[in-house]
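S.K.: okay, structure incoming, though there's no sequence with it:
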Ligand code: NOJ
């Protein structure tokens, strides 16, 4: 029986947990995580309080880009299990009320996909036109190179048929030709296949790059929107409660059209890329301005849409949506060692970025869970896992989940040399010290504190759906805002600095109200004056419900932080 109830806008109340099947739990001792392993850990995820899982690509692939190079859209990569095992996983997730989002990689395939194998074997192949070919590498000159550390051009020479093919990512990932209606139909068939199996949403990879046009930067073209509107219309007709999430690493005003502007007829959700690096700047500088600036530049989105917000993910911490000056600041602050840098970003996890300072890690989670949008957590960050700069590309942030201090961190009983990647082993972040088993056992562990934060957030719709008003106290070290929905009001105060700060907030609207601290349900003194003074510890935070005079304050058992 499924515990999933159809609920319009469910994604607004979600807490998404991003996980790689490969990295979670190996059930058959081959050194790779798999679906039975992930299924066995659903209870852990349910207890953490997340509501939705986002799985990284798990279909067949030569893994030149960790599965974002698809060889077969309809087959599970053998090390991860079988289609039957995927279906068992999905139904077990649903039984627990957990929804599942999978990947839709539309922009490109692997060069080992049968379409490309055929297309590159002869110019008369029926699949030739599935890809983008050219006699010269001079077309679309205005297009940036994304994987700038590895690729020198977006064109690669194909010697057999003597033409160049177009690719926005690795040269082993040829771009599909969306001008070909057959390509569009093929991808719609893929979408319907996964929705028919019961997945609840698709995270649509690399959306801005579907089409190419001379004289443009080949991003965000009108043709892309026409296709997305068609995709959405077909989904709404056949699978009305499903969700489409856009990966469009762009400025908020350029992402807006992906929601379908006024109509909300394209994506339900899109990542807020520029917010993320600014949270890292703000906490490093102890200044709220980077956050308030980007929120100010964020346009309103249609009522049925939602931002997806995050701190870290499986990629480098991308610094594309910052100014050159901000990028230099982030690089010098967070990636002193050149090995920590990749393309235009930083390949590190949350805990090391925060210098393993618990106060900062918790504060970043406080921001993530209270800013407007649906939060996405990256597996392992709930326990403060570290990273490994010695592994190439982005693999250093994709190491095995650390369950216990047993062999291989409890991830696998295989020989250590058989693992897809070594678990983190160092005195600060190694699995011997950072693991789930340990953190379950004491209430103030990173895991338990995050769990409590999630519980509080999930006790109300105000965080996922409420309006936000930024407060502007004089003290810029403090970022404070109101979240409001109906007559429910929550005030969040975050101290971004490493000192105790006092802040005077104009709360004249709430005279006579009682602030109630949400983690302990402790009532604060009634707001009797127009301005109210709060003292916040270094990197401290308050989540305070503002209760009107008539509201009886029920004191719940203190749970403590
Ligand atoms: C974005 C994904 O997040 C990244 O991991 C991948 O390499 C590229 N898209 C190409 O698919």
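M.R.: Perfect, I can see it now. This structure is a prediction, so every number in the text was calculated from the model and none was measured. Numbers count the residues shown, from 1 in each chain.
S.K.: helix or strand for residue 533, which one?
M.R.: Element membership of residue 533 [criterion: DSSP states H and E] is strand 531-536.
S.K.: buried set for that strand?
M.R.: 532, 534, 536 (16 or more other CB atoms under 10 Å). For the C-beta atoms, the positions are set from N, CA and C on the backbone; glycine is no exception.
S.K.: kindly report the same for stretch 215-233.
M.R.: Residues of stretch 215-233 classed as buried by neighbour count (16+ other CB under 10 Å): 218-221, 224-225, 227-228, 231-232.
S.K.: in strands only, show me these.
M.R.: Using DSSP state E, no member of the buried residues of stretch 215-233 sits in strands.
S.K.: which among those gets closest to residue 249?
M.R.: The shortest approach to residue 249 among the buried residues of stretch 215-233 belongs to residue 219, at 9.5 Å (CB to CB).
S.K.: and this protein, which of its residues are near the ligand?
M.R.: Neighbours of the ligand within the chain, by CB under 6 Å from any ligand atom: 65, 68, 105, 169, 205-206, 247, 314-315.
S.K.: what about the residues you listed, which one has the most neighbours?
M.R.: residue 105 (27 neighbours; other CB atoms under 10 Å).
S.K.: next up, the contacts around that residue.
M.R.: 57, 68, 70, 205-206 (CB atoms under 8 Å, 6 or more residues apart in numbering).
S.K.: residue 316 against residue 343, yeah?
M.R.: Yes: the pair residue 316 and residue 343 qualifies as a contact (CB atoms under 8 Å) at a distance of 6.1 Å.
S.K.: before we move on, what's the pLDDT of the residue of the stretch 1-150 of the chain found nearest the ligand?
M.R.: Closest residue of the stretch 1-150 of the chain to the ligand, CB to the nearest ligand atom: residue 68 (3.3 Å). What the model reports for residue 68 is a pLDDT of 98.
S.K.: helix/strand/coil for it?
M.R.: Put simply, residue 68 is coil when judged by DSSP: H, G, I helix; E, B strand; the rest coil.
S.K.: likewise the one 5 residues further on?
M.R.: With three-state DSSP as the basis, residue 73 sits in strand.
S.K.: ok and the residue in the stretch 401-550 of the chain nearest the ligand?
M.R.: For the stretch 401-550 of the chain, CB to the nearest ligand atom, closest residue to the ligand: residue 421, 15.6 Å.
S.K.: which helix or strand in this structure has the lowest average pLDDT?
M.R.: Lowest by mean pLDDT, DSSP states H and E among the helices and strands of the chain is helix 252-255, with a mean of 93.
S.K.: give me the residues contacting that helix.
M.R.: Residues outside helix 252-255 that contact it (CB under 8 Å, 6+ apart): 220, 246, 248, 270, 272-274, 294, 297-299.
S.K.: chain center to it: distance?
M.R.: 17 Å (CA atoms, centre = their mean, to the nearest Å).
S.K.: before we move on, what about stretch 149-164?
M.R.: In terms of CA atoms, centre = their mean, the centre of stretch 149-164 is found 31 Å from the chain centre.
S.K.: please apply the same query to stretch 123-135.
M.R.: Between the mean C-alpha location of stretch 123-135 and the chain-wide mean there is a distance of 34 Å, by CA atoms, centre = their mean.
S.K.: now the end-to-end length of it.
M.R.: With CA to CA, to the nearest Å as the measure, stretch 123-135 spans 12 Å from end to end.
S.K.: next one: stretch 513-529
M.R.: Stretch 513-529 end-to-end distance (CA to CA) = 10 Å.
S.K.: can you start the count at 21 instead of 1 from here on
M.R.: Done: numbering now begins at 21, and the last item shifts to stretch 533-549.
S.K.: on that earlier part again, need the contact list for the residue nearest to the residue of the stretch 421-570 of the chain closest to the ligand when sequence neighbours are not counted.
M.R.: Excluding its sequence neighbours, the residue lying closest to residue 441 (CB to CB, 6 or more residues apart in numbering) is residue 419, at 5.2 Å. By CB under 8 Å, 6+ apart, residue 419 lies in contact with 43, 400, 405, 407-408, 411, 441-444.
S.K.: mind listing the helices for the stretch 71-220 of the chain?
M.R.: For the stretch 71-220 of the chain, the helices defined by DSSP state H, counting those that start in this stretch occupy 103-115, 134-139, 201-217.
S.K.: okay, those helices in CSV with distance to residue 25 next?
M.R.: What follows is these, written out as CSV (distance: least, CB to CB, whole Å):
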stretch, distance to residue 25
helix 103-115, 11
helix 134-139, 39
helix 201-217, 18
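S.K.: the helix or strand immediately after the strand holding residue 553 in the chain packs against which elements?
M.R.: Downstream of strand 551-556, the first helix or strand assigned by DSSP H and E is strand 561-567. The contact analysis (3 or more CB pairs under 8 Å, 6 or more residues apart in numbering; DSSP states H and E) places strand 561-567 against helix 378-390, strand 508-515, strand 534-537.
S.K.: just the residues contacting strand 561-567, thanks.
M.R.: With CB under 8 Å, 6+ apart as the test, strand 561-567 has contacts from 382-383, 386, 390, 476, 502, 508-515, 527, 530, 533-539, 543-544, 547, 554, 556, 573.
S.K.: which of the residues you listed are buried?
M.R.: 382-383, 386, 390, 476, 502, 509-515, 527, 530, 533-536, 538-539, 543, 547, 554, 556.
S.K.: got a pLDDT number for whichever residue of the stretch 171-320 of the chain sits closest to the ligand?
M.R.: In the stretch 171-320 of the chain, the residue that lies nearest the ligand is residue 189 (4.3 Å; CB to the nearest ligand atom). Looking at residue 189, its pLDDT is 98.
S.K.: residue contacts, it?
M.R.: Contacts of residue 189 by CB under 8 Å, 6+ apart are 85, 88, 127-128, 166-167, 171, 226.
S.K.: 10 Å - rerun?
M.R.: Residue 189 makes contact with 84-85, 88-89, 125, 127-128, 165-167, 170-171, 174, 195, 225-226, 229, according to CB atoms under 10 Å, 6 or more residues apart in numbering.
S.K.: quick one, which of those residues are buried?
M.R.: Among the contacts of residue 189, the ones that count as buried by 16+ other CB under 10 Å are 84-85, 88-89, 125, 127-128, 166-167, 171, 174, 195, 225-226, 229.
S.K.: packing partners of the helix or strand harbouring residue 348?
M.R.: Per DSSP H and E, residue 348 falls inside helix 344-354. Counting contacts by 3 or more CB pairs under 10 Å, 6 or more residues apart in numbering; DSSP states H and E, helix 344-354 is packed against helix 295-305, strand 365-366, helix 370-373.
S.K.: identify whichever of these lies nearest to residue 395.
M.R.: Residue 395 lies closest, by CB to CB, to one member of the helices and strands packed on helix 344-354: helix 295-305, at 11.4 Å.
S.K.: any idea how far the closest one is from the middle of the chain?
M.R.: Using CA atoms, centre = their mean, the distance between the centre of helix 295-305 and that of its chain works out at 16 Å.
S.K.: residue of the stretch 321-470 of the chain nearest the ligand, please.
M.R.: Among the residues of the stretch 321-470 of the chain, residue 335 lies nearest to the ligand; the distance is 4.8 Å by CB to the nearest ligand atom.
S.K.: look up how far residue 369 lies from the residue nearest to that residue when sequence neighbours are not counted.
M.R.: Leaving out its chain neighbours, the residue that sits closest to residue 335 by CB to CB, 6+ apart is residue 414, at 5.6 Å. Note on residue 414: its distance to residue 369, by CB to CB, to the nearest Å, is 11 Å.
S.K.: more crowded one of those two?
M.R.: residue 369 (24 against 18).
S.K.: for the nearest residue to the more buried one once chain neighbours are set aside, give me the backbone phi and psi.
M.R.: Distances taken as CB to CB, 6+ apart place residue 407 nearest to residue 369, at 4.4 Å, with adjacent residues excluded. In terms of degrees, to the nearest 10, the main-chain angles of residue 407 are phi -130, psi 180.
S.K.: nothing else from me, thank you.
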